[in-house]
Structures are given as C-alpha cells and as structure tokens.
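Enquirer: Test case, fold it:
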Amino acid sequence: MILIKKYMINTKDHSKKNSLTITPDYDTVLIEDIYIPTSFMQRPPRKCKVRRAIDFYKKHGYFDKPVTIIPETNEKGLPNKLVLVDGYARYKAAVYLHIKEIKAEYITYEEYERRIKQ
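Expert: Below you'll find the model as predicted:
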C-alpha cells in the first residue's frame, strides 16, 4: 500500500456562499521509519534552523510544515523505505525532542523532480 496525500474539504467558509476550500491533510509517520539519504548526512542543517524548529514546536506543539518523503517500493510494489527529501531541520528537531511521530507529506519521485526544476 502506497500512501498519498489526503485532502480535507472545508465547507464552513463563511466569506463565500457554497464554496469549498481544499486544504492538505498529512499523515503521521514514525521517526524511526524515515531513511535519511547520505547527501543529507554529509551536510546537516544549520544549528539555527534546528533551534528555530525546536522553539516553534515548544511554543505551538507542532512543526510549521511537514517533512516531505518519497515512499520507495521494492520489486513487488510494497513500501520499502520512506526517503526524506525535505524538512531535515524539522526531522533533527523531532529527534532532539524525542518525538516518536512527525507529520509527513508523501510525494512521488516525479513530483520531486518537478519541484526541483521550479
């Protein structure tokens, strides 16, 4: 089973009658299930970025954005590992704070390539 981004539909928008707004809803993943690529380990985030993420979490009880991961699959099409592609500072902050789960946005490799080219 490959997980994809889910969307919640908000029908309580009082500014316009009968309008729907779509906001992304993210899944939570276990920190231990996230694979960190070697390129991230070689260049860790600046301490100030991690500190900012820690301070934000302590103040609000959540991170400002989810981490972005690509679910890699094996030859049978089953999820093999969750590769972190964005949000390394938030990941490091979660590890520092001993948080077991973190919000994550699932994207495909094609979506990742498209985002890089922008």
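Enquirer: measure the residue nearest to the spatial centre of the chain to residue 33 for me?
Expert: In the chain, the C-alpha nearest the mean C-alpha coordinate belongs to residue 67, at 2.2 Å (CA atoms, centre = their mean). Distance of residue 67 to residue 33, given as CB to CB, to the nearest Å: 12 Å. The C-beta positions use only the backbone N, C-alpha and C, and glycine is treated the same way.
Enquirer: do residue 77 as well
Expert: 18 Å.
Enquirer: The two: which is more packed in?
Expert: More neighbours surround residue 33 than the other of residue 77 and residue 33, with 12 against 9 (other CB atoms under 10 Å).
Enquirer: Which pLDDT value does the model give the more buried one?
Expert: Residue 33 carries a pLDDT value of 92.
Enquirer: now the helices for this structure?
Expert: Counting by DSSP state H, one finds helices in the chain at the ranges 38-42, 47-60, 88-96, 109-117.
Enquirer: Minimum distance to residue 29: which of those has it?
Expert: helix 88-96 (10.5 Å; CB to CB).
Enquirer: So which bits of the closest one are buried?
Expert: For helix 88-96, the buried set under the neighbour-count rule, 16 or more other CB atoms under 10 Å, comprises 88, 89, 90, 91, 92, 93, 94.
Enquirer: just stretch 63-74 next, same as before
Expert: So for stretch 63-74, counting by 16+ other CB under 10 Å, buried means 63, 66, 67, 68, 69, 70, 71.
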